[in-house]
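# what follows is a predicted structure for the sequence shown.
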Amino acid sequence: MIRPWHRCRVASRPHWSGSAVRPVNGFAIFFTALFFFTAARAQSAWPELATARSVSGQFTVAGSRVPSPLLHRPELATNPALVRLEPALLAVAAERFKTVLWNQLGLKANAPWRGKIFLALHPARSTDDGITIVSGPAFQIWNYRVELPDVLPATRYARALTAVVLLEIANRNAAAAGRSAELPPWLIDGLARQALAGDEVKLILSAPSSFSGGLMQSRVNQIEHGMDSLAAARRTLQQSAALTFEQLSWPDEAQVNGEDNGVYGASAQLFVRELLALKNGAARLRALLAELPRDLNWQTAFFAAFHNDFRQPLDVEKWWSLRVIAFAGTRPGPRWTVTASRDRLAELLSVPVDFRSQSNALPTHAEISLQSAIRNLEPGQLAAGLQLKLRGLALAQLRLAPPFAALAGDYRQVLADFLEKKRPAPAVTAAGRNAPAIRRPDENEDVLKKLDALDARRRAAEIQLKPVTLPKK
């Protein structure tokens, strides 16, 4: 079976998992192992290929001597967002990329490695060609083959190298008869973007794209980030709210492709950066990688590695909310206009729900008030939803215009007090096991009254924004 990652597919042998399924026969398994074995002698086996090997010997690169016809298209040849791969340069760049990733995870540059990585280049047919990563054991060691086009976007190139380097680390002590690791998507994208934010020019060695004075040359657009590797992420998250841990765990293809204006990538980078900032954060990420082959899903491995910090997903969400608020508070960005502040606060105070008018009817989407949510939602669903509202209000308060910033703070206080006081308690009996339970007063009435009062203040503030109609002469 093959598991799709964006446009990167990861296949493992002999255990295969994922949503896209196809059978694998014995010949395919044998061919995979045989290919890894012969890759080191690619130059003699396939003389039509150009080959190169990295300085450590871990990476072997083979590519066609005839480059992609895309290189002759001027609009692509001068596009700095595209990488033009060539075996000799890729062998150097892959080694550098590995060193940067190892450094983030607390591994020394001269640390031993086990699995070999074969990078197979083919002429790109378009800038949207897919990437395939295949992992398989050979001689009791997991080895890897990455098939990638010779022209591709820089972010996809970084993601592929990050994925295969992390797989090699995770599978070092995995049994050859076992299963390959399933990597968290946020870890791949977070580390990839963090690496590129450091020094992209040194990590991406693109082949020359044009002639000048008889010499091949490439145009390089270098952005100096200074000491802030999160500069790009900061600009993105000033315009859009960071994703929740749940959303980071299950990104769709559009998000991974960056079609969400980069919100997923920025959130993943910040999330990984904050995990590394925890006490022994790098060691715990290494423990997570080592645990992955032994567990059926990465969530189990995550909570095993970070058990001192998080016991359940709600603990992660609470911690993550605080980190996002602290990050936004350092440079919150420009304040919104009064009209935009009004609309943003109204959006934050509505709760999206799906309901069915009949049991067999399709769900209908609707927006309800906080009061309706408190009256009608199940306790667990309500608590999770209000936690998200608290984070949204805290982030918005940094940029809302008066008086809506003050209102956001008051709404936050009311909801925080409500969540703090809301505790499940057993019914109190008057006497004996069979005595009727004493009814307690409705715990929700107080918060409902406070929310009604805040809504009245908000409506009064909104009325002041309406244009005054001058009397006709």
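Happy to help now that I have it.

# ok, residue 267 - contacts?
Listed by Cβ atoms under 8 Å, 6 or more residues apart in numbering, the contact partners of residue 267 are 186, 233, 237, 242-243, 247-248. (Glycine included, C-beta is placed from N, CA and C.)

# for the stretch of helix or strand residue 446 belongs to, buried residues please.
Using DSSP states H and E, residue 446 maps to helix 445-463. By 16 or more other Cβ atoms under 10 Å, the buried positions in helix 445-463 come out as 447, 450-451, 454-455, 458, 461-462.

# what about the stretch 351-473 of the chain, any weak spots by pLDDT?
355-361, 422-443, 466-473 (pLDDT under 70).

# what about the strands in this structure?
All strands of the chain, identified by DSSP state E, fall at 2-5, 8-12, 49-53, 59-64, 82-84, 117-122, 131-138, 141-149, 151-153, 210-212, 215-217, 350-355, 364-369.

# closest to residue 412 out of these?
strand 350-355 (15.4 Å; Cβ to Cβ).

# rebuild the buried residues of helix 445-463 as a markdown table, extending it with distance to residue 143.
What follows is the buried residues of helix 445-463, written out as a markdown table (distance: Cβ to Cβ, whole Å):
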| residue | distance to residue 143 |
| --- | --- |
| 447 | 59 |
| 450 | 62 |
| 451 | 60 |
| 454 | 61 |
| 455 | 62 |
| 458 | 61 |
| 461 | 64 |
| 462 | 64 |
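
# touching, residue 338 and residue 462? I think so.
No. Checked against Cβ atoms under 8 Å, the pair residue 338 and residue 462 is beyond contact range at 9.8 Å.

# list residues touching both of those two?
The contact lists of residue 338 and residue 462 share no entry, where a contact means Cβ under 8 Å, 6+ apart.

# in this structure residue 315 contacts residue 309, no?
Yes. When contacts are counted by Cβ under 8 Å, residue 315 is listed as touching residue 309 (7.5 Å).

# in this structure, what spans have low per-residue confidence?
Using pLDDT under 70, the chain drops low at 1-48, 77, 199-201, 206-227, 355-361, 422-443, 466-473.

# domain parsing for it?
As assigned by automatic domain parsing, the chain contains the domains 2-209+229-325, 334-356+363-422+444-463.

# buried deepest among the ones you listed, which one?
The highest average neighbour count among the domains of the chain, using mean count of other Cβ atoms under 10 Å, belongs to domain 2-209+229-325 at a mean of 18.

# how about the helices in the stretch 51-200 of the chain?
Per DSSP state H, counting those that start in this stretch, the stretch 51-200 of the chain carries helices over the ranges 74-77, 87-104, 154-170, 185-203.

# how close does the nearest residue to residue 203 once chain neighbours are set aside sit to residue 286?
Of all residues not flanking residue 203 in the chain, residue 97 sits nearest, at 5.1 Å (Cβ to Cβ, 6 or more residues apart in numbering). As defined by Cβ to Cβ, to the nearest Å, residue 97 lies at a distance of 18 Å from residue 286.

# could you do residue 337 as well?
For residue 337 relative to residue 286 (Cβ to Cβ), the value is 47 Å.

# could you do residue 310 as well?
17 Å.

# now residue 129
For residue 129, the distance to residue 286 - Cβ to Cβ - is 33 Å.

# with distance to residue 319 added, can I get the helices of the stretch 51-200 of the chain in CSV?
Putting the helices of the stretch 51-200 of the chain into CSV (distance: least, Cβ to Cβ, whole Å) gives the following:
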stretch, distance to residue 319
helix 74-77, 43
helix 87-104, 20
helix 154-170, 23
helix 185-203, 14
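
# what's the closest of those to residue 301?
Evaluated over the helices of the stretch 51-200 of the chain, closeness to residue 301 peaks at helix 154-170, with 9.2 Å, by Cβ to Cβ.

# quick one: that closest one to helix 87-104, angle?
60 degrees (axes from the mean of the first three to the mean of the last three Cα atoms, to 10 degrees).

# now do helix 154-170: which elements does it pack against?
Applying 3 or more Cβ pairs under 8 Å, 6 or more residues apart in numbering; DSSP states H and E, one finds that helix 154-170 makes contact with strand 8-12, strand 82-84, helix 87-104, strand 117-122, strand 131-138, strand 141-149, helix 185-203, helix 281-291.

# again, only this time at 7 Å
strand 8-12, helix 87-104, strand 131-138, strand 141-149, helix 185-203, helix 281-291 (3 or more Cβ pairs under 7 Å, 6 or more residues apart in numbering; DSSP states H and E).

# residue 269 is nearest to which of the ones you listed?
Per Cβ to Cβ, nearest to residue 269 of the helices and strands packed on helix 154-170: helix 185-203, 4.2 Å.

# who are the packing partners of that closest one?
In terms of contacts (3+ Cβ pairs under 7 Å, 6+ apart), helix 185-203 is packed against helix 87-104, helix 154-170, helix 263-277.

# run through who's touching that helix.
By Cβ atoms under 7 Å, 6 or more residues apart in numbering, the surrounding residues in contact with helix 185-203 are 93, 96-97, 100-101, 104, 158-159, 162-163, 166, 220, 222, 225, 229, 232, 248-249, 251, 256, 265, 268-269, 271-273.

# compute the inter-axis angle for that helix and helix 154-170.
110 degrees.

# chain center to helix 185-203: distance?
Centre-to-centre, helix 185-203 and its host chain are 12 Å apart (Cα atoms, centre = their mean, to the nearest Å).

# over to stretch 151-162?
Between the centre of stretch 151-162 and the centre of its chain there are 15 Å (Cα atoms, centre = their mean).

# for it, output the C-alpha coordinates as PDB.
Taking C-alpha atoms only, stretch 151-162 is exported to PDB below (Å, rounded to 0.1, in the frame of the first residue of the first chain):
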ATOM      1  CA  VAL A 151      12.600  21.000 -11.700                       C
ATOM      2  CA  LEU A 152      10.300  21.600  -8.700                       C
ATOM      3  CA  PRO A 153       9.300  24.200  -6.100                       C
ATOM      4  CA  ALA A 154      11.800  24.900  -3.300                       C
ATOM      5  CA  THR A 155       9.300  24.100  -0.600                       C
ATOM      6  CA  ARG A 156       8.500  20.700  -2.100                       C
ATOM      7  CA  TYR A 157      12.200  19.900  -2.400                       C
ATOM      8  CA  ALA A 158      12.800  20.800   1.200                       C
ATOM      9  CA  ARG A 159       9.800  18.700   2.300                       C
ATOM     10  CA  ALA A 160      11.100  15.600   0.500                       C
ATOM     11  CA  LEU A 161      14.600  15.900   1.900                       C
ATOM     12  CA  THR A 162      13.200  16.500   5.400                       C
END
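
# so which of the helices of the stretch 51-200 of the chain is nearest residue 50?
When the helices of the stretch 51-200 of the chain are compared by Cβ to Cβ, helix 87-104 sits nearest residue 50, at 4.9 Å.

# for the closest one, enumerate the helices and strands it packs against.
Helix 87-104 sits against strand 49-53, strand 59-64, strand 117-122, helix 154-170, helix 185-203, with contacts defined as 3+ Cβ pairs under 7 Å, 6+ apart.

# need the contact list for residue 370.
Counting by Cβ under 7 Å, 6+ apart, residue 370 has contacts 349, 351, 451.

# again but with residue 180, I slipped
Contact analysis of residue 180 by Cβ under 7 Å, 6+ apart lists 12, 135, 142, 167, 171, 293.

# got TSV for the residues you listed, with distance to residue 194 too?
Shown next, in TSV, are those (distance: Cβ to Cβ, whole Å):
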residue	distance to residue 194
12	26
135	23
142	25
167	18
171	22
293	24
